[in-house]
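>>> Turn this into a model:
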Amino acid sequence: MSERGHLFTLKEAARSCDVSAQTIRRRLRDDAFPNATKETLDGVETWQIPLGDLLAAGFSPTSDGRPSQPSEPATAPTTDVVDEHPAATPVVDVDEVAELRAELIEAQHRAELAEARAEERQRSIDILERQVLMLMPGPASPTVNDGPVVLTEPVPTAPLRRRRWWQR
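Numbers count the residues shown, from 1 in each chain. Here you go, the predicted model:
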């Protein structure tokens, strides 16, 4: 343990989070682990990634460095102490983090459904408003003037009778 909590090397982090080392390298390159440092151990430069950075980046590492087995039920909650002074730092419960992450995903899904439902209802409201406007009466009828009535359409006349061919 160090001052920054449990530290993982790049390979340990990949193995523990059940992802490839390339994924961890890519996330390092994207600055997903702000507290990660490159240190020289036994003449070899290695990355030291704190547990808190892995959790903040969305990974869920196991405490023993092996890939997590979600199909196996946990008998007791796994906890990792971030520092040797438990009063100064919080205890991270991996099961609780996974449960909270699942609740967040469910809440996001419900929010997306609610937004889609609201958009559909707004479209229905727009259609209904247009239909109501179509049912509204048109402009008021022409007012009666004291002058003569002028017809804009020609007055229909009686149709011309055609003479039959033998009567010509």
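>>> Who are the contact partners of residue 13?
Contact analysis of residue 13 by CB atoms under 8 Å, 6 or more residues apart in numbering lists 24, 49, 54, 59, 61. C-beta: built from backbone N, CA, C; applies to glycine.
>>> Now do the buried residues in the helix or strand containing it.
Using DSSP states H and E, residue 13 sits in helix 10-17. For helix 10-17, a neighbour-count test (16 or more other CB atoms under 10 Å) marks 10, 12-17 as buried.
>>> how near is residue 50 to residue 121?
46 Å (CB to CB, to the nearest Å).
>>> err, residue 163, not the other one
Using CB to CB, residue 163 is found at 67 Å from residue 121.
>>> Same question for residue 91.
Where residue 121 is concerned, residue 91 sits at a distance of 45 Å (CB to CB).
>>> mind checking the end-to-end distance for stretch 12-24?
10 Å (CA to CA, to the nearest Å).
>>> host element of residue 109?
Per DSSP H and E, residue 109 falls inside helix 94-135.
>>> Would you agree residue 19 is in contact with residue 60?
No: with contact defined as CB atoms under 8 Å, residue 19 does not reach residue 60; the gap is 10.4 Å.
>>> How many residues are close by residue 95?
Using other CB atoms under 10 Å, residue 95 has 13 other residues around it.
>>> The chain should start at 746 in everything you say after this.
In the new numbering, first residue 746, that becomes residue 840.
>>> What is the neighbour count of residue 795?
Neighbourhood size, residue 795 [other CB under 10 Å]: 22.
>>> Which other helices and strands does the helix or strand following the helix holding residue 758 contact?
As assigned by DSSP H and E, the chain's next helix or strand after helix 755-762 is helix 766-774. Counting contacts by 3 or more CB pairs under 8 Å, 6 or more residues apart in numbering; DSSP states H and E, helix 766-774 packs against helix 755-762, strand 789-795.
>>> out of these, nearest to residue 882?
Closest approach to residue 882 among those (CB to CB): helix 755-762, 68.9 Å.
>>> Quick one: mean pLDDT over that closest one.
Helix 755-762 shows a mean pLDDT of 89.
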